[in-house]
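Q: sequence-free structure coming up:
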């Protein structure tokens, strides 16, 4: 984890793994989660992609500005582009889960040429070993 100072004054704690010259994926967590949402996916993908997973503003050790006006979707979208700028990422694909999925779609719709099509996951994917069938209750 490292702290990244954004051009808008926000500091984000960021997990940044994988080759710096590889295609970049920016992962956005849901509510109330953190970069750890992506702890299974990043090791799998970081051999081929630069994987960037911030704790978004208001979470864990990232900046927590006071007042709800500092958490508008437009500001969270701006944080994604500011993060890409701060990390010198010219082109990226944004991947989001839950609230992060909504922000990911807004990033894609912002029309910036640096954001590739979005991938939104309604829930983080679990490894098959972690999945177990629900017990059936007799009727």
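A: On my side now, so go ahead. Because the structure is a prediction, the values reported are computed rather than measured.
Q: Just give the nearest non-adjacent residue to the residue nearest the centre of the chain, would you?
A: With the centre of the chain defined as its mean C-alpha position, the nearest residue by CA atoms, centre = their mean is residue 28, 1.9 Å away. Of all residues not flanking residue 28 in the chain, residue 100 sits nearest, at 3.1 Å (CB to CB, 6 or more residues apart in numbering). Quick note: C-beta positions are derived from backbone N, CA and C, even for glycine.
Q: Could you pull out the buried residues of the helix or strand containing the one you found?
A: In this assignment (DSSP states H and E), residue 100 forms part of helix 99-109. Buried positions in helix 99-109, judged by neighbour count with 16 or more other CB atoms under 10 Å: 99-108.
Q: Give the buried residues for the longest helix along the chain.
A: Longest helix in the chain, counting residues (DSSP state H): helix 73-86. For helix 73-86, the neighbour count (16+ other CB under 10 Å) marks 76-84, 86 as buried.
Q: Also stretch 21-41?
A: Buried positions in stretch 21-41, judged by neighbour count with 16+ other CB under 10 Å: 24-30, 33-35, 37-38, 41.
Q: Output the buried residues of helix 73-86 in a markdown table; the columns should cover distance to residue 4.
A: Listed next are those as a markdown table, based on distance: CB to CB, whole Å:
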| residue | distance to residue 4 |
| --- | --- |
| 76 | 15 |
| 77 | 17 |
| 78 | 14 |
| 79 | 10 |
| 80 | 12 |
| 81 | 13 |
| 82 | 9 |
| 83 | 6 |
| 84 | 10 |
| 86 | 5 |
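Q: Many thanks, have a good one.
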